[in-house]
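# Sequence first, predicted coordinates after that:
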Amino acid sequence: MKIAVCGKGGVGKTTISGLLCRTLGSKGIPVLAIDGDPNPNLALTLGLDPRAAMPKALTSKLLEVYEKEDGKKYAKLNSPLSEVMDTYGIKTDDNVTLLAVGQPEHAATGCMCGIHTTVREIIHTALEESEQVTLLDLEASLEQMKRGTSKYVDVLLCVVEPYYRSMEAVARFQRLGTELEIKNIVAVANKVKNAEDEEAIRQFCTQTNLPVIAVIPFDATIAEADKSGSLDINAIDHSPALKAINNLADSLMKNYCI
């Protein structure tokens, strides 16, 4: 199963991505987590020490470009996925291997088109070579959707909060996901404080034909645990939000594991 997690900035998609990876990993399921944000934070949500070395940034040098008979140029990984994971990945204690696009080293150095293509081909290769769960935490921008970074995923998980701008952003992700022919595009309602919040999200998602597969309550314990930098999962052991994410993990494995 290959998952991309999207949503407006600040809706909690990286927190959900990290805890979803750790929850699946704790069930004995190997997970490949890809931080697709040039301003990376997924490592901390996965519980890695902020003082520790972060994953080696992915590079477009991992790609081989070739031309087909139709004259179009294509790119593919020039190394096996397992080798990429060994060279560029960092393993966590929760059965998760983290890859990251890496942050720009300097300003005014141009676009990151090659990196987007690299991530897309890693997911494509994972579909062909790996049975493990792969999760891509997208940046808040629509750029990765425009460049087709999540083209080969099985599920586009749209994280949405109960306010208009968040819901509008999800509608845009949904539209582009449909154009990429992603088969399963679903919503996760996050930071829900009451029945009115949930109803607002469900009404919007009904209008856009977007199934809501999980409702995650607002939970101050996660924000508190996050203050130290690295998210200590033991500090949120009885968290209602973590319980909801655990149920989400079970639902994904049951309904979308291919």
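Right, received. Where do you want to start? Numbering: from 1, shown residues only.

# residue ranges of the helices in this protein, please?
Assigned by DSSP state H, the chain shows helices spanning 13-26, 42-45, 81-88, 113-129, 143-146, 164-179, 195-207, 220-225, 240-256.

# low-confidence ranges in this structure?
Flagging of the chain using pLDDT under 70 yields the residue ranges 38-40, 73, 102-116, 119, 123, 127-129, 140-150, 258.

# mind listing what the longest strand belonging to it pairs with, with the direction of each?
When the chain is scanned for its longest strand (criterion: DSSP state E), the result is strand 184-192. Using DSSP bridges, the strands paired with strand 184-192 are strand 155-160 (parallel), strand 212-217 (parallel).

# V5: which of the helices of the chain is closest?
When the helices of the chain are compared by CB to CB, helix 13-26 sits nearest V5, at 4.7 Å. C-beta coordinates here come from the backbone N, C-alpha and C atoms, glycine included.

# what about the closest one, distance to the chain center?
Taking CA atoms, centre = their mean, to the nearest Å, the mean C-alpha location of helix 13-26 is offset from the chain mean by 9 Å.

# Ramachandran coordinates for the most far-flung residue of the chain relative to its centre?
Here the chain reaches farthest from its C-alpha mean at E69, the gap being 34.5 Å by CA atoms, centre = their mean. Main-chain dihedrals, E69, degrees, to the nearest 10: phi -60, psi -30.

# Now stretch 64-71: buried residues?
Neighbour counts over stretch 64-71 (16 or more other CB atoms under 10 Å) mark no residue as buried.

# quick one, what contacts A75?
Residues in contact with A75 (CB atoms under 8 Å, 6 or more residues apart in numbering) are 63-66, 117, 121.

# Just say which of the helices of the chain is most tucked in.
helix 13-26 (a mean of 25; mean count of other CB atoms under 10 Å).

# Tell me what angle that helix forms with strand 155-160.
Here the directions of helix 13-26 and strand 155-160 differ by 130 degrees (axes from the mean of the first three to the mean of the last three CA atoms, to 10 degrees).

# Tell me the spacing between R22 and E131.
19 Å (CB to CB, to the nearest Å).

# Could you do N209 as well?
In terms of CB to CB, N209 sits 31 Å off from E131.

# do you know how far the closest residue to A214 other than its chain neighbours is from R175?
Nearest residue to A214, sequence neighbours excluded (CB to CB, 6 or more residues apart in numbering): L248, at 4.1 Å. Per CB to CB, L248 is found 23 Å from R175.

# How about T15?
Distance, T15 to R175, by CB to CB: 25 Å.

# what's the answer for D37, then?
21 Å.

# now D93
The value you get for D93 to R175, if CB to CB is used, is 38 Å.
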